[in-house]
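Colleague: would you be able to build a 3D model of this:
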Amino acid sequence: MSPDLAAGVLALLVRREATIAVAESLTAGLIGAALTVPSGASAAFRGGVIVYATDLKARMLGVPKDLLDREGAVHPDVAAAMAAGVRRVTGSTYGLAVTGVAGPDEQDGKAVGTVHIAVSGPGDAIWHRDVLLPGSREEIRKSTVTEGLDLLRGVLEAYVGEHSG
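Modeller: Predicted coordinates:
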């Protein structure tokens, strides 16, 4: 987890006058923690929701129960619904969500290291990143933070690039 990556993401958000909120499952707050290390984080970071239990994804973020019943918690559409849900609940410009399997055992038939990341943004746009990460439980969780922040940075850089003067 690079403090420079989190600081860069926050700078892009501030430049864009945008805010971010996070919905975390397997990382259990690590992304929110990373985003609040740089000074001035409160200018862009609204907060986050840790939804480790599958039923909380539905109750707190509005992830469709039938999707969870059909696919389980580790699925790209679940990550997208989590991102949209946290964005809605917090009133933030962007929502970043992660769900996956850190191990040591597979979950819902998904291999250890399977991670789904989504960013929800203006106009209900959704950006996805689906990865299979190697390593220990701790390494998978740390890599998920980096992957999530990197996806968000890419979204923000594309937007700023398209809309800068």
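Colleague: and the residue nearest the centre of the protein?
Modeller: Centre of the chain computed as the mean C-alpha position; nearest residue by C-alpha atoms, centre = their mean is Ala97, 2.5 Å away.
Colleague: doesn't Tyr52 lie inside a helix?
Modeller: No - read with DSSP: H, G, I helix; E, B strand; the rest coil, Tyr52 is coil and lies in no helix.
Colleague: gap between Gly29 and Asp130?
Modeller: Taking C-beta to C-beta, to the nearest Å as the measure, Gly29 falls 22 Å from Asp130. C-betas here are computed from N, CA, C, even on glycine.
Colleague: picking that back up, where does the residue nearest to the centre of the chain land in three-state SS?
Modeller: What three-state DSSP gives for Ala97 is strand.
Colleague: surely it and Ala23 touch.
Modeller: Yes - Ala97 lies in contact with Ala23 (C-beta atoms under 8 Å); the separation is 4.0 Å.
Colleague: identify the contacts common to these two.
Modeller: Shared contacts of Ala97 and Ala23 (C-beta atoms under 8 Å, 6 or more residues apart in numbering): 82-83, 85-86.
Colleague: list just the nearest of the residues you listed to Ala111.
Modeller: Met82 (20.3 Å; C-beta to C-beta).
Colleague: touching, the closest one and Gly48? I think so.
Modeller: No - counting by C-beta under 8 Å, Met82 stays clear of Gly48, with 10.9 Å between them.
Colleague: how far off centre is the longest helix seen in the chain?
Modeller: Longest helix of the chain, by residue count under DSSP state H: helix 137-163. Per C-alpha atoms, centre = their mean, to the nearest Å, the displacement of helix 137-163 from the mean C-alpha position of its chain is 9 Å.
Colleague: now do the helices in this structure.
Modeller: Secondary structure of the chain (DSSP H): helices at 3-16, 30-35, 54-61, 65-71, 76-90, 137-163.
Colleague: between Met82 and Gly48, which one's more packed in?
Modeller: Between Met82 and Gly48, counting by other C-beta atoms under 10 Å, Met82 is the more crowded of the two (31 against 24).
Colleague: out of everything not next to it in sequence, what's closest to that one?
Modeller: Ala97 (3.5 Å; C-beta to C-beta, 6 or more residues apart in numbering).
Colleague: can you pull the pLDDT of that neighbour?
Modeller: Ala97 carries a pLDDT score of 98 in this model.
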